[in-house]
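# how would this look folded up:
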Amino acid sequence: MSESGDLTALVQQPFELLVEIERRSRRAHSGDGGEGMPDEWVGVGFRIGEEQFVASRDQVREVLMLPDNMTRVPGAKRWLLGIANLRGHLLPLVDIKLLLGSGRTSLRRTTRVISVNHRDIPAGLVVDEVLGFRRFMDHEYTDKWPETVVRVDRFLTGAYQRNDEIWPVLNVFDFVESNLFLQAAA
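This next block holds a predicted model:
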């Protein structure tokens, strides 16, 4: 079957139809794109202070409102705001800006918690604002970005640039696996 052929030609051949659907699915999943589909990267945009960043959507479990109730942890560093019970799961809430030494995050109506999708390290990163999904084409990727004010450069893996906007990519997994993050005892 030709690459651009449509599947209706295989309607009378169910097995061949399933084989072709599987082939296309595997090709799409591998990131090959194929059939003229543009390659796209999707992340979650957020703001720390006045700077905007993006994290891979695979590294973000969900975005939450800042909970009304959280329990302080005795003997913890100030950046560990506390533990919150979210739908029966305990989630440590971390002020990412304070952890990086760039001041405390102002708790406002726009403040959000990014729940990290890490298998071993549950964490909620408190950020100033979540800006929603951001989609970028592969050709918008760059390995250059301006130095950040919030001192997160060692956890950046690149950036996407569209017109005058630069979106540095924060590797959330590298961040929560770092010794900086894991040393929460005061």
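
# Centroid-nearest residue for the chain?
In the chain, the residue lying closest to the centroid (C-alpha atoms, centre = their mean) is Ala55, at 2.9 Å.

# hang on, that one packs against Phe175?
No - using C-beta atoms under 8 Å, Ala55 is not in contact with Phe175; the gap is 9.0 Å. From N, CA and C alone the C-beta is placed, and that goes for glycine too.

# thinking again about what came up before, who touches the residue nearest to the centre of the chain in this structure?
43-44, 46, 114, 169-172 (C-beta atoms under 8 Å, 6 or more residues apart in numbering).

# Helix or strand for it, just tell me which one.
For Ala55, the host element (DSSP states H and E) is strand 51-56.

# What of Leu90?
For Leu90, the element it lies in under DSSP H and E is strand 89-95.

# Quick one, grab the pLDDT at the nearest residue to Phe53 once chain neighbours are set aside.
Excluding the flanking residues, the one nearest Phe53 by C-beta to C-beta, 6 or more residues apart in numbering is Leu170, at 4.7 Å. The model reports Leu170 with a pLDDT of 97.

# so who does Tyr160 touch?
Counting by C-beta under 8 Å, 6+ apart, Tyr160 has contacts 41, 54, 134, 136, 140-142, 166-167, 169.

# now the host helix or strand of Glu22, how far from the chain's geometric center?
Element membership for Glu22, per DSSP H and E: helix 14-29. Chain-centre distance of helix 14-29: 30 Å, with C-alpha atoms, centre = their mean, to the nearest Å.

# Look up the residues forming beta bridges with the residue nearest to the centre of the chain.
Val44 (DSSP bridges).

# which parts of stretch 108-120 are buried?
111-117 (16 or more other C-beta atoms under 10 Å).

# Include distance to Ala84 and secondary structure when you put those into JSON lines, please.
JSON lines is the format used below for the buried residues of stretch 108-120 (distance: C-beta to C-beta, whole Å; DSSP: H, G, I helix; E, B strand; the rest coil):
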{"residue": "Thr111", "distance to Ala84": "13", "secondary structure": "coil"}
{"residue": "Arg112", "distance to Ala84": "13", "secondary structure": "strand"}
{"residue": "Val113", "distance to Ala84": "8", "secondary structure": "strand"}
{"residue": "Ile114", "distance to Ala84": "13", "secondary structure": "strand"}
{"residue": "Ser115", "distance to Ala84": "10", "secondary structure": "strand"}
{"residue": "Val116", "distance to Ala84": "14", "secondary structure": "strand"}
{"residue": "Asn117", "distance to Ala84": "17", "secondary structure": "coil"}
